[in-house]
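**Student:** pasted the sequence and its predicted model underneath.
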Amino acid sequence: MAKRVTPYKDSNLGKKEQVTKMFDTISTDYDGLNRVISFGIDIKWRKKVVTILKEESPNTILDIATGTGDLAIAMVKTGAEKIVGLDISPGMLSVGEKKIKEKNLSPIIEMVVGDSENLEFESNSFDAVTVSFGVRNFENLEKGLEEILRVLRPGGTLVILETSVPTKTPYKQGYGIYTKYMLPLIGKLFSKDNSAYGYLSESAAAFPHGENFNNILREIGFIDVANKPQTFGVSTIYVAKKQG
């Protein structure tokens, strides 16, 4: 089970409400800060997710924790007829909707406010489900994954892109210094919310990445689970299937 980490430690709000507040606050800064913090490599990681899904030829995709829609927009290249981007933060979705409109992708991509742990879709609705840097924000990780399994059609594919912690020297030490000191500093300099990027660092460190997360996926009921570390292990792509 993932260790519970919240953005605002002195808040009386639950994690879900805190995460919504945090992302609403940083929504207009989020894309630019992402490029700075990841040195632009996050774009490459999303392209790999698209490559994986393209081989599955999904007609319908649900992108959970879609944020400002970067992955949803990139997944148009899979050839999917319908992509639904779902997020708990109206602020993030608002930024994403503007990007989608500018790219004339509104007929393909629909952005909706929703709770990843209580999906308002029928069972077996989507050929594929994706989550990019979002599962560590679930208030109840197992419940969120159970909902994903429910809405996936039999034989459907789940692809998760999430931060992870490198295990090999010197990448492990370098990552620790960067996330502990540099990441919060960058967030403090450029973001409206000083707590946000400290939380993102802490939540990444607390997340059960690698084989630990593979095992959670298997326990939920996913099959053919595999993880693919990216860029010395600072992020990981997880791929799993729903029993056909």
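**Tutor:** Received, thanks. Just so you know, these numbers come straight off a predicted model, no measurement behind them.

**Student:** mind listing the strands for this structure?
**Tutor:** Taking DSSP state E, the strands of the chain run over residues 60-64, 82-87, 109-113, 126-132, 152-163, 223-230, 235-241.

**Student:** closest one to D31 among the ones you listed?
**Tutor:** strand 126-132 (12.9 Å; Cβ to Cβ). All C-beta spots, glycine's among them, are computed from the backbone N, C-alpha and C.

**Student:** partners of the closest one, with directions?
**Tutor:** Paired strands of strand 126-132, with direction, are strand 60-64 (parallel), strand 152-163 (parallel) (DSSP bridges).

**Student:** pLDDT on it, on average?
**Tutor:** Across strand 126-132, pLDDT averages out at 98.

**Student:** follow-up on the earlier one: do you know which of the strands paired with strand 126-132 lies nearest E139?
**Tutor:** Nearest of the strands paired with strand 126-132 (Cβ to Cβ): strand 60-64, 13.5 Å.

**Student:** tabulate the strands of the chain (a markdown table), appending distance to S201.
**Tutor:** Compiled in a markdown table, those are given as follows (distance: least, Cβ to Cβ, whole Å):
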| stretch | distance to S201 |
| --- | --- |
| strand 60-64 | 22 |
| strand 82-87 | 21 |
| strand 109-113 | 27 |
| strand 126-132 | 17 |
| strand 152-163 | 9 |
| strand 223-230 | 18 |
| strand 235-241 | 14 |
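
**Student:** make CSV out of the ones you listed and add distance to I43 and mean neighbour count.
**Tutor:** Shown next, in CSV, are the strands of the chain (distance: least, Cβ to Cβ, whole Å; neighbours: other Cβ atoms under 10 Å):
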stretch, distance to I43, mean neighbour count
strand 60-64, 16, 26
strand 82-87, 17, 24
strand 109-113, 18, 18
strand 126-132, 11, 27
strand 152-163, 12, 21
strand 223-230, 12, 15
strand 235-241, 12, 22
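
**Student:** so which of the ones you listed is nearest V19?
**Tutor:** strand 82-87 (10.2 Å).

**Student:** contacts for that closest one next, please.
**Tutor:** For strand 82-87, contacts defined as Cβ atoms under 8 Å, 6 or more residues apart in numbering pick out 23, 59-67, 69, 72, 75-76, 93, 96, 108-114, 116, 119, 126.

**Student:** give the buried residues for the longest helix belonging to the chain.
**Tutor:** In the chain, ranked by residue count with DSSP state H as the criterion, the top helix is helix 15-37. Going by neighbour count (16 or more other Cβ atoms under 10 Å), the buried part of helix 15-37 is 15-27, 29-31, 33-34, 37.
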